[in-house]
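Participant: got a sequence here, can you model it:
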Amino acid sequence: MGIVVSFAEGNDTEIRIYLLNNKGTVKVVAYLRTSSSANVGQDKDSEKRQRDAIDAYAQAAGCKIVNSYYDTAISGADPVTARPGFSIMLERLMSNGVRTILVENASRFARDLIVQETGYAMLKARGIELIAADSPDSFVSDTPTATLIRQVLGAVSEFEKAMLVEKLRGARERKRRETGRKVGGRKNYAEVEGGAKMIALAKRLHRYPVNGRRRTLADIADALAEAGYLSSAGTRFTGTAVSRMLEREQPKLVSK
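Facilitator: Next up, the predicted model:
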């Protein structure tokens, strides 16, 4: 069984000891994230791989997973508080007494180093532990060495993601030159069915206030959902997604 015991040494050093043979059981929640909607589904590897890694760690450490939260089609660069699943998880953690989150690895929490560090600091300030199944000390240890390792791993993950994106972009661009047509890649909001009308509605909602108050990004996302406009995963758009819609040039509505 596993339990986290914390005690202070001096004024500023906190030591966390894992007692794997303790008779108690630590209640935890699992957090999963998949960047692309193309990797979401029962026939895809992402969710199964993450759950297997988290379940294996929980079993070895004697933890009991009481709930799981999954953000689908959410970029690892998006702030954690802007993610629907993470926001729901955080709200429930603050009320149910569970204080430990398990993730497959640090990149599933966040790929962007700044997002990773600020998100971790936010959880720590609320007394919530974050544990990566592949490297349990990645987050729980606050020694200078552990902090450096966490930052280096975050930077490497961010670099690998950027390199992969660049390679795919280059391949699509070569194919586009050969065929004269856009090939692959994630469709922008204007390219999806009904996208032009959705963007026009988002801009209209943003432009006109209600009762003298301008709508927030969350208000606009709610209104889009009520109008039937949802993300490719079938969920309400995040504030980040709405912000991207508002930044786009107004697409032309083609009448048939």
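
Participant: use CA for all of it now, contacts and neighbours both
Facilitator: Fine.

Participant: quick one: stretch 195-203 to chain centroid distance?
Facilitator: Using CA atoms, centre = their mean, to the nearest Å, the mean C-alpha position of stretch 195-203 is found 25 Å from that of the whole chain.

Participant: element containing the closest residue in space to residue 199 that isn't next to it in sequence, please.
Facilitator: Of all residues not flanking residue 199 in the chain, residue 245 sits nearest, at 5.8 Å (CA to CA, 6 or more residues apart in numbering). Assessed by DSSP states H and E, residue 245 sits inside helix 239-247.

Participant: contacts made by that helix with the rest, please.
Facilitator: 78, 82, 189, 199, 202-203, 217-218, 220-221 (CA atoms under 8 Å, 6 or more residues apart in numbering).

Participant: tell me the helices and strands packed up against whichever helix in the chain runs longest.
Facilitator: With secondary structure taken from DSSP state H, the chain has its longest helix at helix 144-179. With contacts taken as 3 or more CA pairs under 8 Å, 6 or more residues apart in numbering; DSSP states H and E, helix 144-179 sits against helix 106-109, helix 113-125, helix 137-140.

Participant: I'd like to know which helix or strand in this structure has the lowest mean pLDDT.
Facilitator: strand 4-9 (a mean of 32; mean pLDDT, DSSP states H and E).

Participant: dump the residue contacts of the residue nearest to residue 74 when sequence neighbours are not counted.
Facilitator: Distance criterion CA to CA, 6+ apart; nearest residue to residue 74, sequence neighbours excluded, is residue 35 at 4.8 Å. Contacts for residue 35 (CA under 8 Å, 6+ apart) come out as 72-76.

Participant: using JSON lines, please lay out the residues you listed together with distance to residue 102, pLDDT and neighbour count.
Facilitator: Putting these into JSON lines (distance: CA to CA, whole Å; pLDDT from 0 to 100; neighbours: other CA atoms under 10 Å) gives the following:
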{"residue": "72", "distance to residue 102": "17", "pLDDT": "93", "neighbour count": "25"}
{"residue": "73", "distance to residue 102": "19", "pLDDT": "90", "neighbour count": "18"}
{"residue": "74", "distance to residue 102": "18", "pLDDT": "93", "neighbour count": "23"}
{"residue": "75", "distance to residue 102": "19", "pLDDT": "92", "neighbour count": "19"}
{"residue": "76", "distance to residue 102": "16", "pLDDT": "91", "neighbour count": "22"}
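
Participant: from those, which is closest to residue 157?
Facilitator: residue 76 (10.2 Å; CA to CA).

Participant: residue 202 contacts residue 222, doesn't it?
Facilitator: No: counting by CA atoms under 8 Å, residue 202 does not reach residue 222; the two are 10.5 Å apart.

Participant: in the stretch 151-256 of the chain, where is pLDDT below threshold?
Facilitator: 181-193, 248-256 (pLDDT under 70).
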